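>>> What follows is a predicted protein model with its sequence.
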Amino acid sequence: MQFKLDRRVHYSKRMLIATPVIAIALAVLVSSVLLVLLQKPVLLTFHSFFIAPFENFYSITEIFLKFGPLLLIAQALAVGFRAKVWNIGAEGQMIIGAITASAVPVYLVDSTSALLLPAMLILGALGGMGWAAIAAYLKTRFNANEILVTLMLSSIALQILYYLLLGPWKDPMGFNFPQTVMFQDEALFPALFEGVRLNTSIFIPIIFTIGIWLFMEKHFGGFKLVVGGLAPNAATYAGFSSKKAVWSSLLLAGFAAGIAGMSEIAGPIGQLQRSVTSGYGYSAIIVAYLGALNPIGIIFAAFFLAVLQIGGDVALVSADLPISAVHVFQGLLLIFYLATYTFVNYRLRIIRPLTHSNTKPTP
Amino acid sequence: MSTIEFFLAGTLSAATIFLLAALGELVAEKSGVLNLGVEGMMAVSAAVGFVVTFESGSHLLGFAVAGAAGVLVSLVFAVISISFLANQVASGLAVGIFGLGLSALIGRDYESRTIAATEGIAIPFLSELPLLGPILFQQNIVVYLTFALALCIGLTFKYTRLGLAIRSTGENPHAAQALGFPVFLIRYCAVAFGGLLAGFAGAYASTIYTPLWADGMIAGRGWIAVALVVFGTWKTGRIAFGAILFGMVSLGELIAQSMGARIPSQLLSSLPYIVTIVVLAMISTNTARMRLHAPFSLGETFDGVGPR
């Protein structure tokens, strides 16, 4: 018996919607085996992952707190991925955005101006865009592979962050901890409800999503980006420039990641510190794929991964599960998603070898 | 051993990690498969290699199991990218994320533990040479084997039928299939070989180079190995040269500290990444040469049917 994949004439819409569900099911199945091997309680773990995050109001607001940056970055990355511009350095762009935005409250410690927050927002966006622009410039001018460049830039951004936190920006009253001063209230987004960390910055990713959706689905520019990446030659003939695709994809991602970084320091963290990104830059890659690089799909994917992040924190306590287990689960999710996605474009055909019985000549 | 000898000897040892991983990636890429999961494969193997060596006391067993772990992780990548025809870049990233998580899980109870350092093998007579002796001929056996392997792989690609089969699979899988080469099998084997070498590289990093386990200890070296293949324009000799260069750069922090230079340590830690970006830009700018040397079908999925 042999298996063969036949290309479908039209992609299967049913399969496209079923793919993330199948991927989640398979990831749960394989992680269960892993949990048994680790001698951890399987049911309790998945209860912590998927049910516990919804059990009280505070926890639900925390889900939305994680949802924001994941949604924001993933939407921008997906535009680039569609155009085959592989920016995997959103993490670094986020760090630089957080740094440039922090410059305002770090240097204007006593300011109570209402302009603090807008200034930070603009600086954060510019910082992320500037960092991404390095990769865009090196790609378009020197043909340097953007995967490697963006990744290396992330490592460099982390070192810059460490330098600032251990040196010039360290809080002099901070008992030598690598962190800046706590920012003044005027430099923070106001909380949405009393006593929760969820704040008004959640509206930025939502507005951004609507913008991307209009851009990709309704606007001709989306088509240009897609063509620029998929077939550079065809795109050049048609008058579109693939350089433009590289620049716009990277600047858009830098913009989104920079603002995401800014929202962290002006939101739940309230200062600049080492763990400023919480790994959103990498998780957003998974979100973008799990959402089929589609603006609507990404909303669901971002929400799912946000739940998983909160669930991971719950499982840390309830099932004594290390946080790396959540990363393994995320990796499995993407692996199974990619494998299952094949059946959107291909049909499985089983070829049975000709046996004696069905080659018998009819009398 | 004088300071300068110590650093040059250390350079070769550091270069071995880069070279092993880059050679594995080279073989995979020559067959047309871009595996970006090197960092993850190395991390898993480093953790597995450390745990096995720590528990058994045998470096040989540690390397063997780490190599097997590297192969297993690479096969996960092979299944989704070769059999399931998934995008190679995305598949590599997925396996990389999975591998980094898994390595932390495996090494969790061994964080910051150490194992006894291994002695180098002093080659009789040659190791007595002034200057060159301690640098070249008192290394760990893995160092010698790795550089010998680089030579073997270079010769295999140049002179053997196996090398031809791998190269033609990477240049034009449709033509290779028409010629009767088993394209899928060749790609599976090339990727698995890459996993094996990434596994050895990880084990070397965690049991010989710095005999300890720490989460995140691979620290981007897998990615630099991927970059090295580009630097070397898919040629073993140049890749080996690049690996030595990066071995030197990665020791820059130690060298600067010993000379008492007042440079922020973060700048020195960034040095390998900065050098990677600069060299990558310098090499890639000659697009004609890149096109000439890169395997023509690198990164493209092949579904066994005619070109579309």
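Looks like it arrived, so ask away.

>>> Now do the strands in the stretch 101-250 of chain A.
With strands called from DSSP state E, counting those that start in this stretch, the stretch 101-250 of chain A shows none.

>>> so where's it uncertain?
The model of the stretch 101-250 of chain A has pLDDT under 70 over residues A:219-241.

>>> Quick check: residues of it near chain B?
Proximity of the stretch 101-250 of chain A to chain B, by C-beta under 8 Å from any C-beta of the partner chain, involves residues A:138, A:141-145, A:147-149, A:151-153, A:155-156, A:159-160, A:162-163, A:166-167. In short, each C-beta sits where N, CA and C put it, glycine included.

>>> Among those, name the buried ones.
Among these, those classed as buried by 16 or more other C-beta atoms under 10 Å in any protein chain shown are A:138, A:142-145, A:147-149, A:151-153, A:155-156, A:159-160, A:162-163, A:166.

>>> Identify the residues contacting residue B:256.
Each residue near residue B:256 by C-beta atoms under 8 Å, 6 or more residues apart in numbering or on different chains is listed here: B:263, B:268.

>>> redo that, cut-off 10 Å
Going by C-beta atoms under 10 Å, 6 or more residues apart in numbering or on different chains, residue B:256 touches B:262, B:263, B:265, B:267, B:268, B:271.

>>> Next: residue A:193.
A:57, A:58, A:61, A:199.

>>> Top of those residues by number of neighbours, please.
Among the contacts of residue A:193, the one with the most neighbours (other C-beta atoms under 10 Å in any protein chain shown) is residue A:199, at 21 neighbours.

>>> ok, how many other residues are close to the residue nearest to that residue when sequence neighbours are not counted?
In space, and not counting its chain neighbours, residue A:199 is closest to residue A:189: 3.8 Å by C-beta to C-beta, 6 or more residues apart in numbering or on different chains. Counted with other C-beta under 10 Å, the neighbours of residue A:189 add up to 21.

>>> Now for residue A:189: which residues touch it?
A:117, A:120-121, A:197-204, A:262-263, A:266-268.

>>> Now the buried members of those residues.
Buried among the contacts of residue A:189 (16+ other C-beta under 10 Å): A:117, A:120-121, A:197-199, A:201-202, A:204, A:262-263, A:266-268.

>>> Helices along the chain, start to end?
No chain specified, so I'll use chain A. A:13-37, A:42-50, A:57-82, A:90-107, A:116-142, A:146-166, A:203-213, A:220-230, A:232-237, A:242-265, A:280-290, A:295-318, A:324-345, A:356-359 (DSSP state H).

>>> Please refer instead to chain B.
Residue ranges of the helices in chain B, as given by DSSP H, are B:3-30, B:38-56, B:59-78, B:88-106, B:132-136, B:141-159, B:161-171, B:173-178, B:183-204, B:221-231, B:236-250, B:252-258, B:265-284, B:287-293.

>>> Present those helices as CSV; the columns should include mean pLDDT.
Shown next, in CSV, are the helices of chain B (pLDDT from 0 to 100):
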stretch, mean pLDDT
helix B:3-30, 91
helix B:38-56, 96
helix B:59-78, 97
helix B:88-106, 94
helix B:132-136, 71
helix B:141-159, 95
helix B:161-171, 95
helix B:173-178, 93
helix B:183-204, 97
helix B:221-231, 94
helix B:236-250, 93
helix B:252-258, 74
helix B:265-284, 90
helix B:287-293, 83
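
>>> Out of these, flag the one nearest residue A:285.
Across those, residue A:285 has its closest neighbour in helix B:88-106 (6.2 Å, C-beta to C-beta).

>>> Can you give the distance of the closest one from its chain's centre?
Here helix B:88-106 is found 16 Å from its chain centre; the criterion is C-alpha atoms, centre = their mean, to the nearest Å.

>>> How about stretch B:77-93?
Counting by C-alpha atoms, centre = their mean, stretch B:77-93 comes out at 19 Å from the chain centroid.

>>> now check that stretch, is it near chain A?
Yes. Using C-beta under 10 Å from any C-beta of the partner chain, a contact is recorded between stretch B:77-93 and chain A, made by B:77, B:79-81, B:83-87, B:89-93.

>>> Can you tell me which of those residues has the most neighbours?
residue B:77 (31 neighbours).

>>> Could you count how many residues lie near residue A:115?
Residue A:115: 11 surrounding residues under other C-beta under 10 Å.

>>> quick one: pLDDT of residue B:286?
As summarised for this prediction, residue B:286 has a pLDDT of 85.

>>> what about residue 72, how many neighbours?
All of this is about chain A. Using other C-beta under 10 Å, residue A:72 is surrounded by 31 other residues.

>>> that answer is for a different chain, and I need it for chain B
The number of residues packed near residue B:72 is 16, by other C-beta under 10 Å.

>>> This completes my enquiry, with thanks.
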